[in-house]
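# Mind looking at a prediction? Sequence and model below.
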Amino acid sequence: MFRSLRFQLFAGLVVILTGAGLTTTVSTRDQMREALIGAETRAARNVLGQIELQVSNRYRELLSEKLRIVGERRSALEHIAAVTIAAAEAHDRLVTGGVASPAEARALTLDFLNTVSPGGSVQTLAMTRDGQVVAHSDTLQRGRDLGAQTDIKGRPLPEAVQEDIAIQGQAYILFDDSEADGGADAIGGGNGDGRRFAHFRDLPELELFIGVSERIDDVERYVETGVDATINMLAETLAEVSVVDTGFVFILNDALEEVTPSADWAAPLMNRRDPVSGTPIPELLAAAARDGDATATRYALPVPDRSIDMQAYVSYFRPLGWYIVSTVPTAEINRPANVLIRQQSVIFAIVLGIALMLAALFALTVTGPLQRLARYARQLPEQDFMRPDDAHQALARLARTRSEVGGLAQAFRFMEAELRDKISAMLDATRDKERIESELNIARDIQEGLLPKIFPPYPDNPQIDLHASLTPARHVGGDLFDFYFLDENRLLFTVGDVADKGVPSALFMAITKTLVKSASGQDTDPAKMMWRVNEALSTDNPRAMFVTLFVGILDVRTGHVDYVNAGQNPPILLPASGKATLVRPISGPPVGVMEGVIYTRLSLQLSSGDSLVVYTDGVTEAMDEKNAEYSTDRLLALSQSLRGQGASGLVNGVLEDVRQHSGTALQSDDLTLLCLTWHQLSLKE
């Protein structure tokens with residue numbers, strides 16, 4: 001019953017009428033309240049505005065004075081730095097004039113910095129690029145390492161100085177040097193504030209940074225003194241302010257402590273908890289200001305036998321972290337509105353009774369046709385949409401009416417017709433997709449059949465440890481690898497990457513692999529092989545496809561490799577002992593770009609146990625979920641760590657690391673990797 005549309009329409013009308021009546025009642029009460037307290041509220045807000053204006057003006061004065069003092073200190077630091085730079089330049093001219101050596105000029109500059117005495121808390125220093133203090137006006141600071149010291153932005157101090165000098169020609173740094181100043185503060189009775197403002201200049205001839213610094217604690221004390229004076233002024237002003245009858249204005253700080261006192265009658269109660277929410281009253285008021293709530297915040301002051309309902313307006317002055325609160329008892333506002341509410345309640349009850357009877361009749365009239373539509377909708381899933389449409393007679397009659405229900409019935413009939421069409425089209429698309437999927441699976445099996453699959457491929461030849469893998473990004477891919485003996489002593493191996501993916505690249509890959517094998521039967525020079533393959537692919541290439549290709553020939557007796565790299569990623573040479581490096585030279589552009597290209601034959605010599613890793617860009621450019629590439633540096637480091645695990649261990653280890661890097665990201669390119677390790681046999685073997 002309660003879920004029926006009839007009941008919901010009836011209940012909706014009841015809610016609407018009740019809401020309208022309540023809204024009228026509440027709005028009338030609010031208008032009365034606003035009329036009564038409008039003047040006092042505006043006055044209280046004006047007071048808050050005046051207080052905020054006074055605080056703001058005073059704060060700007062303090063800030064301006066602080067900036068003036070800082071500017072003077074900055075000028076003084078720049079002057080001292082300029083004197084120091086001038087002395088260093090004079091020492092440098094001694095070197096130019098042949099009077100002194102560079103080492104003597106450097107020593108003179110450092111001695112000058114060690115002996116200069118600017119006075120006060122000003123200190124001079126010379127710092128190397130890595131943060132070593134080589135000269136300081138304070139003897140205790142000489143030899144100190146500032147490499148781990150950070151500025152106020154969290155940057156290492158040497159890095160911050162170099163970065164700012166590179167941009168501005170000089171650096172202004174604020175950093176906390178409490179560790180160095182703590183002892184001096186303790187001896188001198190200071191407050192332990194070790195923050196310093198420093199000016200740095202570069203001496204490129206000596207590879208030094210010259211710095212002059214000064215503590216800023218006296219500037220902070222000046223601002224604190226000004227704030228205390230402002231608080232005393234506000235305490236005298238707010239003591240004379242009242243809102244309505246017994247309301248008052250006071251100020252809290254960020255610690256929710258009273259900056260200026262509240263009214264005498266409420267002062268003992270302001271630090272208690274609100275009886276309704278259980279939240280301490282200062283926290284409740286501060287939360288209203290942080291939320292930017294412009295309406296009144298309501299709370300209660302607990303007294304022994306009752307609680308006093310209050311409402312407050314709170315403003316937050318961010319520079320000083322102050323909450324300015326204007327609060328007044330709610331009872332002083334609501335008395336005149338309560339009489340009007342009682343009169344409106346009687347009228348509302350009479351009107352509501354009549355409206356309920358009309359609402360019941362209206363709900364009965366509207367829901368009848370909708371129930372017939374519901375029956376049709378429940379029967380719709382039982383229909384066979386592949387057979388002709390047999391519309392219900394009741395639905396047809398409803399569709400001929402001109403009401404909204406008739407429009408809904410027409411929409412139902414349109415929906416059924418569209419469902420029939422969409423289901424038919426979906427079945428056709430499904431059949432087509434299954435056919436294409438089957439053909440792609442067959443193409444993948446054919447492509448995999450073109451590649452070597454047995455590893456290790458030459459178990460009877462201890463001189464060769466070879467392993468390779470190809471993982472296409474789609475059903476079929478455009479990468480290729482192959483290897484075979486040209487004769488009993490020379491092993492040809494090749495890796496390629498067609499500049500495309502999918503079926504076209506798979507066909508181009510098969511053609512390329514066939515051409516390489518054909519060329520190797522006509523020439524044993526890899527450069528001539530590459531020329532033949534390029535000429536064949538460049539001719540009749542309407543789609544302008546090309547392939548990056550690496551062809552190498554290993555002499556298993558000597559470990560000598562002749563190779564040609566046509567635009568392929570530089571292979572990795574992983575020596576048996578030592579650091580993995582990239583084999584940088586290439587022989588020419590990718591194959592298939594243009595005819596007539598002459599490729600240069602290159603060579604390298606493998607020592608026993610050395611490995612050569614050839615790969616496609618799908619490995620180094622594999623993306624993770626944040627589009628970060630796997631990178632060549634990571635591949636180099638991993639290859640170094642996998643040394644000694646054999647060719648299969650290296651290939652499988654790299655592919656597993658690439659999969660972990662990619663995570664849930666889709667594979668964007670084919671992954672191909674070939675590792676060849678050569679072992680020299682002893683005379684006995």
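Alright, I've got the coordinates. Please read these numbers as outputs of a predicted model, since none were measured by experiment.
# CA only for contacts and neighbour counts going forward, please
Fine.
# Enumerate every residue touching residue 197.
172, 173, 174, 175, 213, 214, 215, 216 (Cα atoms under 8 Å, 6 or more residues apart in numbering).
# gap between residue 260 and residue 323?
Applying Cα to Cα, to the nearest Å, the value for residue 260 to residue 323 is 11 Å.
# no wait, residue 579
Going from residue 579 to residue 323 by Cα to Cα gives 64 Å.
# Mind checking which of these two has more residues around it?
When neighbours are counted by other Cα atoms under 10 Å, residue 323 comes out ahead of the other of residue 579 and residue 323, with 27 against 12.
# So which of the contacts of residue 197 sit within strands?
172, 173, 174, 175, 213, 214, 215 (DSSP state E).
# Out of these, grab the one that's most surrounded.
Most crowded among those, counting by other Cα under 10 Å, is residue 213 at 26 neighbours.
# measure it to residue 84 for me?
For residue 213, the distance to residue 84 (Cα to Cα) stands at 13 Å.
# Can you check the pLDDT for the closest residue to residue 317 other than its chain neighbours?
Nearest in space to residue 317, with sequence neighbours left out and distances taken as Cα to Cα, 6 or more residues apart in numbering, is residue 323 at 6.4 Å. According to the prediction, residue 323 has pLDDT 83.
# For residue 323, what are phi and psi?
Backbone torsions of residue 323, given as degrees, to the nearest 10, read phi -110, psi 110.
# who touches it in this structure?
So residue 323 contacts 251, 252, 253, 254, 286, 289, 314, 315, 316, 317 (Cα under 8 Å, 6+ apart).
# circling back to that earlier point, give me the common contacts of residue 260 and residue 323.
Residues touching both residue 260 and residue 323 by Cα under 8 Å, 6+ apart: 251, 252.
# what stretches of the stretch 151-300 of the chain score poorly on pLDDT?
180-193, 218-219, 222-223, 235-236, 239-242, 269, 292-295 (pLDDT under 70).
# quick one: low-confidence ranges for the stretch 401-550 of the chain?
Residues of the stretch 401-550 of the chain that meet the cut-off, pLDDT under 70, sit at 434-436, 438-449.
# residues near residue 588, how many?
Using other Cα under 10 Å, the number of residues around residue 588 comes to 19.
# One more: residue 596?
11.
# before we move on, what SS does it have?
coil (DSSP: H, G, I helix; E, B strand; the rest coil).
# residues in contact with it?
Taking Cα under 8 Å, 6+ apart, we find residue 596 in contact with 531, 535.
# Got the phi and psi for it?
The phi/psi pair for residue 596 (degrees, to the nearest 10) reads phi 80, psi 10.
# Could you measure from it over to residue 264?
For residue 596, the distance to residue 264 - Cα to Cα - is 100 Å.
# swap in residue 323?
For residue 323, the distance to residue 264 - Cα to Cα - is 19 Å.
# quick one: buried residues of stretch 162-178?
Neighbour-count burial for stretch 162-178, with 16 or more other Cα atoms under 10 Å as criterion, is recorded at 162, 165, 170, 171, 172, 173, 174, 175, 176, 177.
# next one: stretch 585-593
Quick answer for stretch 585-593 (16+ other Cα under 10 Å): 586, 587, 588, 589, 590, 591, 592, 593.
# And residue 617, how close does it get to residue 249?
71 Å.
# The two: who's more crowded?
The neighbour count for residue 617 versus residue 249, taken as other Cα under 10 Å, is higher for residue 249 (26 against 19).
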